[in-house]
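Asks: next come a sequence and a model predicted from it.
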Amino acid sequence: MTTDSIISRVWSFCNTLRDDGVGYGDYLEQLTFLIFLKMADEYSKPPHNRDVGVPRNYQWDQLRPLKGAELEVKYIDTLQHLAGASGMLGQIFLKAQNKIQDPAKLARLIEMVDDTNWTLLDADTKGDIYEGILEKNAEDTKSGAGQYFTPRALIKAMVACVRPEPEKTIADPACGTGGFFLAAYDHLVSQHHLDRDQKKFLKHETFWGNEIVPSTRRLCLMNLFLHNIGEIDGDSLVSSTDALVADSGKRFDYVLANPPFGKKSSMTFTNEQGEEEKDDLTYNRQDFWTTTSNKQLNFLQQINTMLKTTGKAAVVLPDNVLFEGGAGETVRKKLLETTDLHTILRLPTGIFYANGVKANVLFFDARPASKEATTKEVWYYDYRTNIHHTLKRKPMRYEDLEAFITCYHPENRHQRSETWDEANDPDGRWRKFSYEELIAREKTSLDIFWLKDKSLADLENLPEPEILADEIIDNIEAGLESFRSVLQSLN
């Protein structure tokens, strides 16, 4: 079968199952289970002849010929048994359930997977199929999957700025479906002529992640594997532990991340009356600058801990991290003092699948301990004021961020120039502020704006009605989220 015909079949069957109420996420999970079993079967045969750990009674050829109720029973039994396996196999099938209630459609899906030799497909083809469904799943706002999916254009731009190098480690403490890993992988393959040892390191030792949600971790592992990262019979590259609980002791060259949205970490428990309650989690870590239940501030502190003294980080964080008092002020001061926080990219609304999110990308480099503040100046790029994006009508593209990448000067960021009043930056989006200016601001606020909103002064500059309506909805959603945060803090 041709690549196009395979992609067409995968998508057409997805639409068929959606008519039965099976969402993109459930379809993607079932597809993951079946493709993994089929690839395990292919690896067990020549020229591979590998035992990937699937017991004989639960291998692909035991499932393939069955129909009806017999197939359904065998499939459920297979999922339950493999969930207890070790390594990547067990992580793929952890808490696996059958979401396809019609055995006839399950049989057709098995037939579709069986018709393709997946190990012969190139990584780009397998990856395109899987990434396409991941994005569709993120678009389904009811599923909540969007919080695990960072816009790929933004990820690609962040990687282009950081420019990871071969034989260096890359980590993400909340890796979702693995978007940052895949973009870094693509960059390393396309920008470097890797030798044999470098390719081996890239496949087995470059990427390390944490993801506490089993279904999301499963999708991440399969996404990486289909992109030729990791081994089908190897250990999991993604840990199920909460990265915030303790310092693992591992240190990395790069951390690229977009921690989950929501200000507080919490756990649900049942009280003596049998009612469910939520308890805010604080992490008492000696390596943290301060103790707080604010999830975003904790992830920022965790990322600082994870970096080698020569490490670099690029992390997406919401606006409250830039201006919130208390623990937020402490974290910002320590970040400026102990790391080189050199760049902040202000992001527009309308680019995330979660509504009302106002976020930024913080770029900072770790440095050895010093008596003087490590940050000397912070460069800002305002890609929010007078910028209008929506997910469907006007999504943000990589090309939209190329002006920022040029200003960032990835080749040598120490050779930047403040071009905000010159021809190559006519809107004046690129400015720098000294450490002294920032530390003197109230609460050491890093929430800085200098451009005027043109739509407030000139009605001719208003965006299209559809985009304006989307922005109004985004702002209302952001306001509601703020009120929910206040309510949570009062309870």
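Replies: Alright, I've got the coordinates. Keep in mind the model is a prediction, meaning the values are calculated, not measured.

Asks: just the helices in the stretch 151-300 of the chain please.
Replies: Taking DSSP state H, counting those that start in this stretch, the helices of the stretch 151-300 of the chain run over residues 152-162, 179-191, 196-204, 214-226, 295-306.

Asks: what about the first one, distance to the chain center?
Replies: In this case it means helix 152-162. When distances are taken as C-alpha atoms, centre = their mean, to the nearest Å, helix 152-162 is centred 12 Å away from the chain's centroid.

Asks: looking at the helices of the stretch 151-300 of the chain, which is closest to Asp41?
Replies: helix 214-226 (15.0 Å; C-beta to C-beta). C-beta: built from backbone N, CA, C; applies to glycine.

Asks: quick one, the closest one and helix 179-191 angle?
Replies: Put simply, helix 214-226 runs at 10 degrees to helix 179-191, going by axes from the mean of the first three to the mean of the last three C-alpha atoms, to 10 degrees.

Asks: kindly export helix 214-226 (C-alpha atoms) in PDB.
Replies: Extracted C-alpha coordinates of helix 214-226, given in PDB (Å, rounded to 0.1, in the frame of the first residue of the first chain):
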ATOM      1  CA  PRO A 214      -1.000   7.100  32.000                       C
ATOM      2  CA  SER A 215      -3.000   7.600  28.800                       C
ATOM      3  CA  THR A 216      -0.900  10.600  27.800                       C
ATOM      4  CA  ARG A 217       2.300   8.800  28.700                       C
ATOM      5  CA  ARG A 218       1.200   5.900  26.500                       C
ATOM      6  CA  LEU A 219       0.700   8.300  23.500                       C
ATOM      7  CA  CYS A 220       4.000   9.900  24.100                       C
ATOM      8  CA  LEU A 221       5.900   6.600  24.200                       C
ATOM      9  CA  MET A 222       4.300   5.400  21.000                       C
ATOM     10  CA  ASN A 223       4.800   8.800  19.300                       C
ATOM     11  CA  LEU A 224       8.500   8.600  20.100                       C
ATOM     12  CA  PHE A 225       8.800   5.000  19.100                       C
ATOM     13  CA  LEU A 226       7.100   5.600  15.700                       C
END
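
Asks: make TSV from the helices of the stretch 151-300 of the chain and add mean pLDDT and distance to Gln30 to it.
Replies: Formatted as TSV, those follow (pLDDT from 0 to 100; distance: least, C-beta to C-beta, whole Å):
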stretch	mean pLDDT	distance to Gln30
helix 152-162	95	24
helix 179-191	94	22
helix 196-204	96	27
helix 214-226	88	11
helix 295-306	96	31
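
Asks: can you add mean neighbour count and distance to Ser5 and give these back as CSV?
Replies: Shown next, in CSV, are the helices of the stretch 151-300 of the chain (neighbours: other C-beta atoms under 10 Å; distance: least, C-beta to C-beta, whole Å):
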stretch, mean neighbour count, distance to Ser5
helix 152-162, 22, 25
helix 179-191, 21, 24
helix 196-204, 14, 29
helix 214-226, 24, 18
helix 295-306, 24, 43
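
Asks: and Asp382, which of those is closest to it?
Replies: With C-beta to C-beta as the criterion, Asp382 lies closest to helix 152-162 of the helices of the stretch 151-300 of the chain, at 15.1 Å.

Asks: which strands and helices lie in contact with the closest one?
Replies: For helix 152-162, the packing partners by 3 or more C-beta pairs under 8 Å, 6 or more residues apart in numbering; DSSP states H and E come out as helix 179-191, strand 252-257, strand 307-318, strand 359-366, helix 402-408.

Asks: so which of the ones you listed comes closest to Asn223?
Replies: Closest to Asn223 of the helices and strands packed on helix 152-162, according to C-beta to C-beta: helix 179-191, at 6.9 Å.

Asks: tabulate the CA atom coordinates of the closest one in PDB.
Replies: Extracted C-alpha coordinates of helix 179-191, given in PDB (Å, rounded to 0.1, in the frame of the first residue of the first chain):
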ATOM      1  CA  GLY A 179       6.200  17.400  21.000                       C
ATOM      2  CA  PHE A 180       9.400  19.000  22.300                       C
ATOM      3  CA  PHE A 181      11.300  15.800  21.900                       C
ATOM      4  CA  LEU A 182      10.200  15.300  18.300                       C
ATOM      5  CA  ALA A 183      11.100  18.800  17.300                       C
ATOM      6  CA  ALA A 184      14.500  18.500  18.900                       C
ATOM      7  CA  TYR A 185      15.000  15.200  17.200                       C
ATOM      8  CA  ASP A 186      14.100  16.700  13.800                       C
ATOM      9  CA  HIS A 187      16.500  19.600  14.400                       C
ATOM     10  CA  LEU A 188      19.400  17.300  15.300                       C
ATOM     11  CA  VAL A 189      18.800  15.100  12.300                       C
ATOM     12  CA  SER A 190      18.400  17.900   9.800                       C
ATOM     13  CA  GLN A 191      21.100  20.300  11.100                       C
END
